[in-house]
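Novice: generate coordinates for the sequence data below:
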Amino acid sequence: MIAVLGAGSWGTALAIVLADNGHDVRLWGQRQEQMDEINEKHTNEKYLPNIHLPEAIVGYVDLVKALEGIETVVLAVPTKAIRDVLQRVRTCIERPITIVSVSKGIEPDTHKRISEIIEEEMGERLQDVVVLSGPSHAEEVSLRHPTTVAVSSKNMDAAERIQDLFMNHQYFRVYTNPDLIGVEIGGALKNIIALAAGITDGLGYGDNAKAALMTRGLAEMARLGSRLGANPLTFAGLTGIGDLIVTCTSVHSRNWRAGNMLGKGYALDDVLANMGMVVEGVRTTKAAYQLAKKMNVDMPITNALYDVLFNGKDVKSAVDSLMARGKTSELEDLANISL
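Specialist: Purely as a prediction, here's the structure:
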């Protein structure tokens, strides 16, 4: 029995994987009507239209009941809600649990990764934290389309247990990666670059601009990640360039869609209201901007996006400022990442 906390598209898609692998799944959400739909109709139409859910997935509104006797919890709530949910979880359990973090982001102001927030909030009630990340749109996972992800943890035995839990030899392949910092930083920062990619598409720029943005964006991700202790090679893997590609190029990507609307001239508040789901890249842009300043790491794309989102800068002017930067050497820049 496994509990999945968060009945949005990603939590529901992972619940499907677990159910397909023969596990009974308790899917927790806060809206009674949504849980009734899951239990009675075996659908979650708002988040995964036209997908039939396995009967092994049972919806719960009562968190105490959802966690009763549970040893493994998949945490799939938006990053801004994680602390509140964990504080509730802590009061509901009697013994330490393993938490699988599947949300991507960095907390503004504290600059903590999600695994660090989990450790801080759960204390002695935590057995292990395992992070699952990679190029994985919920819409495609729910259709059982081939998908690959990676898991990481301070305790790689725990990571391998979660690898076994999620591995589906037909459509969901799971790798291990011991670089916890790199896996989390890659998953968080790619949302920033996806927002920027959406902006370039919204402005009507072509493939040249997007290729440049993704390549230089990857350099920014690796630059900050390396300074924080990540292995630069991780950014060449699933949770780096893999996640970056899928998030920057797909209409499934909320961050790309939000950026696309910004590029077409919509105001940020209108974009967020229109999305209907959380756009993690907005919050992460603020955190990454703060962290880059603190660590003295050069992140021009992040800085430009921060000006657009939080200082009201015109998107076209932001692109122009990136192109007008002083000349530099690409290889020298890449060499600095590996130091």
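Novice: specify the beta-bridge partners of Val129.
Specialist: Beta-bridge partners for Val129, by DSSP bridges, are Ile99.
Novice: doesn't Val151 make contact with it?
Specialist: No. Using CB atoms under 8 Å, Val129 is not in contact with Val151, being 10.8 Å away. C-beta: built from backbone N, CA, C; applies to glycine.
Novice: who has more neighbours out of those two?
Specialist: Val151 (29 against 25; other CB atoms under 10 Å).
Novice: which parts of the helix or strand that contains the more buried one are buried?
Specialist: Using DSSP states H and E, Val151 falls within strand 147-153. For strand 147-153, the neighbour count (16 or more other CB atoms under 10 Å) marks Thr147, Val149, Ala150, Val151, Ser152, Ser153 as buried.
Novice: for Arg83, state which of those residues is nearest.
Specialist: Taking CB to CB as the measure, Arg83 sits nearest to Ser153 out of the buried residues of strand 147-153, at 20.5 Å.
Novice: mind giving me the domain split of the chain?
Specialist: 2-176, 188-335 (automatic domain parsing).
Novice: measure the longest one end to end?
Specialist: It refers to domain 2-176. End-to-end span of domain 2-176 (CA to CA, to the nearest Å): 20 Å.
Novice: now do stretch 233-244
Specialist: 14 Å.
Novice: where does pLDDT dip in this protein?
Specialist: Counting by pLDDT under 70, the low-confidence segments of the chain come to 332-339.
Novice: next, name the residue at the spatial heart of it.
Specialist: Geometric centre of the chain, nearest residue: Lys104, 2.7 Å, by CA atoms, centre = their mean.
Novice: does it touch Gly187 like I think?
Specialist: Yes. At 3.9 Å, Lys104 and Gly187 qualify as touching, with contact defined as CB under 8 Å.
Novice: if I look at the two, which residues touch both of them?
Specialist: Ser133 (CB atoms under 8 Å, 6 or more residues apart in numbering).
Novice: mind putting the domains of the chain in CSV, distance to Gly182 included?
Specialist: Formatted as CSV, the domains of the chain follow (distance: least, CB to CB, whole Å):
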stretch, distance to Gly182
domain 2-176, 8
domain 188-335, 3
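Novice: quick one, the top helix by length along the chain and strand 147-153 angle?
Specialist: Ranked by number of residues, the top helix in the chain under DSSP state H is helix 180-202. Between helix 180-202 and strand 147-153, the angle comes out at 140 degrees (axes from the mean of the first three to the mean of the last three CA atoms, to 10 degrees).
Novice: give me the buried positions along helix 180-202.
Specialist: For helix 180-202, the buried set under the neighbour-count rule, 16+ other CB under 10 Å, comprises 180-202.
Novice: what's next to the very next helix or strand once past it, contact-wise?
Specialist: On the C-terminal side of helix 180-202, the nearest following helix or strand under DSSP H and E is helix 207-227. For helix 207-227, contacts defined as CB under 8 Å, 6+ apart pick out 181-182, 185-186, 189-190, 192-193, 196-197, 200-201, 230, 232, 234-235, 240-241, 244-245, 248-249, 288, 291-292, 295, 297-302, 333-334, 336-339.
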